[in-house]
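**Q** What follows is a predicted structure for the sequence shown.
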Amino acid sequence: MPQLSGSVQTVLGLIEPQQLGRTMTHEHLTMTFECCYFPPAPHEESMAEAPIEMKNLFWLKQNPYSSHENLLLNQEIDAVKEELLVYKQAGGGAIVENTTMGISRNVATLKRLAQETGVHIIAGAGFYVDITHSEETRKMTVEKLSDVIISEVLHGADGTDIRCGVIGEIGTSWPITDSEKRVLQATAHAQAQLGCPVIIHPGRNSAAPGAVVRILQEAGGDIGKTVMSHLDRTILDHGELLEFAKMGSYLEYDLFGTEMLNYPFNLKVDMPSDNQRVKTLTCLVAEGYEDKIVIAHDIHTKNRLTKYGGHGYSYILNSIVPKMLLRGITQSQVNKILIDNPREWLTFK
Ligand SMILES: [Zn+2]
């Protein structure tokens, strides 16, 4: 069994935490998202099968989940490799690739991308949202689920010896289903045993992050070593956000680059703009949470790659960081958000 304590586990093996550098804490390099296909409006039905073309790009930005082709990020390994090289040149060091079981995780591909680009890649263990759970997963006890997760960290995932360095993104819906609750409990058990980082995909309701944290806490999880993803589409009220922040998890704003009129999975949500995201970060920093913020793009569809007119993996480094500085977040606070906080989180206890 490898000595994990004090190290970060990448798909190429253990590294010193200081080697990470600037880290995006929630990205996908290869995955499929057909589980979440959302049919287009009746008058736009033909778009579901349409190829990705220049004239469709704005429509895709507004309706990314309504085009079958757009959901197959796993077809773009060469483009992703090129973008990782650009990311490295822009000053990027590491990427947490938190694709889990259910959305076509492929750690062998991640290993190849890490070897060919020099970007540190940390893979994710565990299970995505309920609709992607297999019958076998649904039948597993908490103990069995925890064994599977622990084995992916200690021995390897997807039938390989390539090990995961984080548990998650663990998928939850709203309300949280029974199967998801068992996975959360198994996650907490595995984390208690391994001292490893955890990352959560909460359901689309402002009560979801808090409900997940309570389940993890009761099962012995370490909330201070847990990232709550997607807060930008989950808790939009400032007071509610500060209440949640007190629970002690990392606060992740990971949809940078996603701007859309209607968010199909929850029409009650007005998806914030990147300027609004930066504003929320400045508020959180002012409230003293600079040690708890992490950020990313959560690229999971083709249209967000630069190959298809998207922003790519370097957008935060090239454009969002200057905007943060312009709005009064200091360089040392930016360094915490991009370097120190991810490093602290990813280092095994
Ligand atoms: Zn994700």
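**A** Ah, there it is.

**Q** can you point me to the longest helix in this protein?
**A** The longest helix of the chain (DSSP state H) is helix 178-194.

**Q** I'd assumed residue 164 was in a helix, is it?
**A** No. Under the criterion used here (DSSP: H, G, I helix; E, B strand; the rest coil), residue 164 is coil, not part of a helix.

**Q** Hmm, it is touching residue 101, no?
**A** No. When contacts are counted by Cβ atoms under 8 Å, residue 164 is not listed as touching residue 101 (10.6 Å). In this view, the C-beta of every residue, glycine as well, is placed from N, C-alpha and C.

**Q** Against residue 148, how distant is the nearest residue to residue 343 once chain neighbours are set aside?
**A** Among residues not flanking residue 343 along the chain, residue 17 sits closest, at 4.7 Å (Cβ to Cβ, 6 or more residues apart in numbering). Residue 17 sits 26 Å away from residue 148, going by Cβ to Cβ, to the nearest Å.

**Q** the more surrounded of these two?
**A** Set residue 17 next to residue 148 and count neighbours by other Cβ atoms under 10 Å: residue 148 wins out with 19 against 16.

**Q** could you list every residue that touches that one?
**A** Taking Cβ atoms under 8 Å, 6 or more residues apart in numbering as the contact definition, residue 148 lies against 140, 186.

**Q** does it sit in a helix, a strand or a coil?
**A** helix.

**Q** and the gap between it and residue 157?
**A** With Cβ to Cβ as the criterion, residue 148 and residue 157 are 9 Å apart.

**Q** partners of residue 13 in the sheet?
**A** Legend: beta-bridge partners of residue 13 under DSSP bridges are residue 10.

**Q** Just give me the neighbour total for it.
**A** For residue 13, the count of nearby residues is 14 (other Cβ under 10 Å).

**Q** Need the per-residue pLDDT for it.
**A** pLDDT for residue 13: 98.

**Q** again with residue 216
**A** On pLDDT, residue 216 comes in at 98.

**Q** So which bits of the host helix or strand of it are buried?
**A** If you go by DSSP states H and E, residue 216 is part of helix 208-218. Using 16 or more other Cβ atoms under 10 Å as the test for burial, helix 208-218 gives 208-213, 215-216.

**Q** same question, stretch 158-176
**A** Quick answer for stretch 158-176 (16+ other Cβ under 10 Å): 158, 162-174, 176.

**Q** starting at the chain centroid, how far to that stretch?
**A** Distance, stretch centre to chain centre, for stretch 158-176: 10 Å (Cα atoms, centre = their mean, to the nearest Å).

**Q** and the longest helix of the chain with helix 208-218, angle?
**A** With axes from the mean of the first three to the mean of the last three Cα atoms, to 10 degrees applied, the angle from helix 178-194 to helix 208-218 works out at 50 degrees.

**Q** distance between the ends of stretch 169-178?
**A** 18 Å (Cα to Cα, to the nearest Å).

**Q** now do stretch 152-168
**A** 11 Å.

**Q** next one: stretch 156-163
**A** 4 Å.

**Q** now that stretch: how far from the chain's centre is it?
**A** That offset, for stretch 156-163, works out to 20 Å (Cα atoms, centre = their mean).

**Q** And for stretch 321-329?
**A** Its chain's average C-alpha position is 23 Å from that of stretch 321-329, according to Cα atoms, centre = their mean.

**Q** For it, give the mean pLDDT please.
**A** Rounded to a whole number, the mean pLDDT of stretch 321-329 is 98.

**Q** ranges for the strands of the stretch 151-300 of the chain?
**A** 166-171, 198-201, 226-228, 250-253, 293-295 (DSSP state E, counting those that start in this stretch).

**Q** any chance you could map the helices in the chain?
**A** 57-62, 77-89, 107-117, 135-139, 142-154, 178-194, 208-218, 238-245, 274-286, 315, 321-326, 331-335, 341-346.
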